[in-house]
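Engineer: got a predicted model here, sequence first, then my questions.
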Amino acid sequence: MLFLVPTVLNLNWDLASHVEDVKARQRSLDVAQKFYNDTKRQIELSALAKVEIYRAQGELTTRKQELAISLASVHQRENLLKNALSRNGLEDPLLDAAEVVPLDRIEVPEQDDLPALRELVAKAMAKRPDIALARINQETAEISAVGTASGVLPILQGIASMTNSGLSGKANPQPGGITADPYYEGGLGNALGQVFRRNFPNWRTAVLFEGVFHNRAAQGDYGIDQLQLRQSELVTFRSRNQLVVDISNQVIALRQARARHSQAVDTRTLQEQLLEKEQRKFSLGASTINNVVVVQRSLATARATEVAALSTYSRARVSLDQVLGETLEKNNVSVGEALEGRVARDSRPPSP
């Protein structure tokens with residue numbers, strides 16, 4: 001689940017970004033259509049030569065082709081997302097015919113209020129299950145090393161025991177009229193009384209010392225466990241260092257993605273203003289159709305770059321949550337609900 005959820009999230013955001021790309025291509029197509037209609041009208045008014053219509057028509061055809069390609073990409077992303085969410089994939093005709101409509105949009109904040117790197121590392125150390133598993137393996141290796149160390153040491157044992165006896169029974173007849181002491185005569189009750197009164201205690205102590213000279217087998221096991229313990233420690237330290245590097249790289253990638261998106265938005269806004277001014281100049285006869293087409297292409301490229309920056313930011317956000325171990329928490333995914341196959345809360349569309 002720790003890898004499935006980020007995969008589904010990336011597929012979902014890819015679909016959302018391609019939907020935005022379709023909208024951007026549609027806007028570019030609308031601009032090209034309007035320019036084609038304006039050019040056609042000016043030709044009818046003899047303000048332009050008839051040959052100019054082919055340039056505007058070529059630009060319109062290019063934008064239609066780009067829109068068709070973008071729509072096909074949306075269908076491909078829908079199929080990938082369906083296949084990831086469904087057990088049977090596209091074999092189900094109802095699922096194959098269903099249309100996936102992303103309700104969430106990729107939001108890029110002005111600033112990413114991220115805590116310091118030390119706090120992010122501490123959060124990942126506390127939440128990532130693989131870090132907890134590595135910690136348990138390290139503790140297990142340490143306990144195993146302690147056990148093999150005991151096999152090399154000599155053995156010293158001390159034994160102490162105390163027993164109480166009960167001496168009771170039926171007296172045997174003796175010659176000469178000798179009779180047994182009445183204290184020893186009796187049955188089980190008399191014997192138990194002697195035991196609890198500790199009339200006949202026995203004490204035993206012993207000390208045992210055992211040591212094996214040149215215990216090669218135990219020394220070999222001890223050396224192997226020590227090497228494995230040191231190797232486990234090195235792997236743990238390397239994993240922690242790599243964790244710090246991964247978190248730092250993901251933070252940098254997220255900030256770069258946000259900066260690129262901000263730059264793409266500014267570029268797209270500037271291109272829209274340039275196109276508006278160039279169209280105004282063209283309508284007044286102060287510009288050429290070639291200049292208008294060049295600005296239209298630049299605007300289409302700027303819009304595509306903005307959508308790509310959105311997708312890059314969403315992937316960077318998902319990757320950062322994954323490296324911090326917060327993917328399930330931030331997306332309200334419960335392992336218990338997944339195992340039961342039942343979601344306790346109601347499914348509601350996001351607020352507009």
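Structural biologist: In hand now; what should we look at? The structure displayed is predicted, hence computed values, not measured ones.

Engineer: show me what the helix or strand where Val121 lies is packed up against.
Structural biologist: Using DSSP states H and E, Val121 sits within helix 117-127. Counting contacts by 3 or more Cβ pairs under 8 Å, 6 or more residues apart in numbering; DSSP states H and E, helix 117-127 packs against helix 216-283, helix 289-324. All C-beta atoms are positioned from the backbone trio N, CA, C, and that covers glycine.

Engineer: tabulate those (a markdown table), appending mean pLDDT.
Structural biologist: Formatted as a markdown table, the helices and strands packed on helix 117-127 follow (pLDDT from 0 to 100):
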| stretch | mean pLDDT |
| --- | --- |
| helix 216-283 | 87 |
| helix 289-324 | 91 |
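
Engineer: closest one to Pro6 among the ones you listed?
Structural biologist: helix 289-324 (4.8 Å; Cβ to Cβ).

Engineer: which positions within that closest one qualify as buried?
Structural biologist: For helix 289-324, a neighbour-count test (16 or more other Cβ atoms under 10 Å) marks 289, 292-293, 295-300, 302-324 as buried.

Engineer: continuing past that helix, what's the next helix or strand?
Structural biologist: helix 327-330.

Engineer: quick one: that next one to chain centroid distance?
Structural biologist: Computed by Cα atoms, centre = their mean, to the nearest Å, the chain-centroid distance of helix 327-330 equals 8 Å.

Engineer: so which residue is dead centre in the protein?
Structural biologist: Most central in the chain under Cα atoms, centre = their mean is Gln322, positioned 3.5 Å from the mean C-alpha point.

Engineer: surely that one and Pro6 touch.
Structural biologist: Yes: using Cβ atoms under 8 Å, Gln322 is in contact with Pro6, at 4.8 Å.

Engineer: can you list contacts of the helix holding Val121?
Structural biologist: Residues from elsewhere that reach helix 117-127 (Cβ atoms under 8 Å, 6 or more residues apart in numbering): 114-115, 131, 240, 243-244, 247-248, 251, 323-326, 329.

Engineer: roughly how far does the residue nearest to the centre of the chain sit from Asp112?
Structural biologist: From Gln322 over to Asp112 the distance is 16 Å, taken as Cβ to Cβ, to the nearest Å.

Engineer: so where's the stretch 51-200 of the chain uncertain?
Structural biologist: Along the stretch 51-200 of the chain, the model assigns pLDDT under 70 to residues 176-177.

Engineer: one more time with 80
Structural biologist: 87-92, 95, 110-112, 144-155, 169-186 (pLDDT under 80).

Engineer: domain ranges for the chain?
Structural biologist: Domain assignment for the chain by automatic domain parsing gives 4-136+222-340, 155-210.

Engineer: centre of the chain versus the first one, how much separation?
Structural biologist: Relative to the centre of its chain, domain 4-136+222-340 is centred 19 Å away, using Cα atoms, centre = their mean.

Engineer: just to revisit the earlier point, now the buried members of the contacts of helix 117-127.
Structural biologist: The neighbour-count criterion (16+ other Cβ under 10 Å) marks 131, 243, 247, 251, 323-325 among those as buried.

Engineer: of those, closest to Ser46?
Structural biologist: Val251 (61.5 Å).

Engineer: against Ile136, how distant is the residue found closest to Gln26 once you drop the neighbours it is linked to in the chain?
Structural biologist: Once flanking residues are discounted, Gln26 sits nearest to Leu67: 6.1 Å by Cβ to Cβ, 6 or more residues apart in numbering. Leu67 sits 54 Å away from Ile136, going by Cβ to Cβ.

Engineer: more neighbours: which of these two?
Structural biologist: The neighbour comparison of Leu67 against Ile136 (other Cβ atoms under 10 Å) goes to Leu67, with 18 against 10.

Engineer: which SS state does the more buried one fall under?
Structural biologist: Counting by DSSP: H, G, I helix; E, B strand; the rest coil, the backbone at Leu67 sits in helix.

Engineer: so it sits right up against Leu29, yeah?
Structural biologist: Yes: using Cβ under 8 Å, Leu67 makes contact with Leu29 at a distance of 5.3 Å.

Engineer: follow-up on the earlier one: which element follows the helix holding Val121 toward the C-terminus?
Structural biologist: Sequence order places helix 129-152 as the next helix or strand after helix 117-127, per DSSP H and E.

Engineer: which residues touch that following helix?
Structural biologist: 2, 124-125, 215, 218-219, 221-222, 224-226, 228-229, 232-233, 235-236, 239, 243, 325.

Engineer: how about 7 Å then?
Structural biologist: 124-125, 215, 218-219, 221-222, 225-226, 228-229, 232, 236, 239 (Cβ atoms under 7 Å, 6 or more residues apart in numbering).

Engineer: nearest to Lys40, of those residues?
Structural biologist: Of these, the one sitting nearest to Lys40 (Cβ to Cβ) turns out to be Ala124, at 60.9 Å.

Engineer: next one: the closest one from Val8, what distance?
Structural biologist: Using Cβ to Cβ, Ala124 is found at 21 Å from Val8.

Engineer: give me the pLDDT for Arg27.
Structural biologist: At Arg27, the model reports a pLDDT of 91.

Engineer: the one 4 residues further on now?
Structural biologist: Val31 carries a pLDDT value of 90.
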